[in-house]
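**Q** Let me see the structure of the following:
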Amino acid sequence: MAKSAAVEVYGFAGFLFSIAAFLLYLIWAYLPSAALESVGVYYVPDKQWAIAIPLFLMFTFAFAPVVYMALNLTTVAPLDHPLSYTPSAPLDRSMLSLHRRAIEKGGVPPIYDIPTAMVNRVLFSSSDA
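**A** Just a heads-up that it's a prediction; the model follows:
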């Protein structure tokens, strides 16, 4: 069997397994314990887990991006830290004047790196002060 065919077979088997597991979950969740015992199934978890497991999974998937972003924010170095990236050729006044003249003429300004301090001042400074 070719490698791509094996992957397709494993994917289909996983799909069938997930459908069967979901159907067993629904049967366990909705049938009363007496009906399951009459079939010969005596040991099953409490019915409270039929609600607790999906709620736990929903909370986990909803909260994972928040935890991921919080961890990223805690590991980022501050802007004045030596490990923060700063371009080797800082922006000089002549580039700013070229930028202003190009905008006044209605043209496209030249491409250059804007300093981090200037970006933060424009984005995060309040205009009320």
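**Q** Need the pLDDT of the nearest residue to residue 78 once chain neighbours are set aside.
**A** Spatially, and ignoring its direct neighbours in sequence, residue 78 is nearest to residue 84 (7.1 Å; C-beta to C-beta, 6 or more residues apart in numbering). From N, CA and C alone the C-beta is placed, and that goes for glycine too. At residue 84, the pLDDT value in this model is 70.
**Q** show me what contacts residue 84?
**A** 77, 78, 116 (C-beta atoms under 8 Å, 6 or more residues apart in numbering).
**Q** quick one: it and residue 71, what's the gap?
**A** 18 Å (C-beta to C-beta, to the nearest Å).
**Q** Mark which of the contacts of residue 84 are part of helices, please.
**A** Here DSSP state H is the test, and the contacts of residue 84 give residue 116 as lying in helices.
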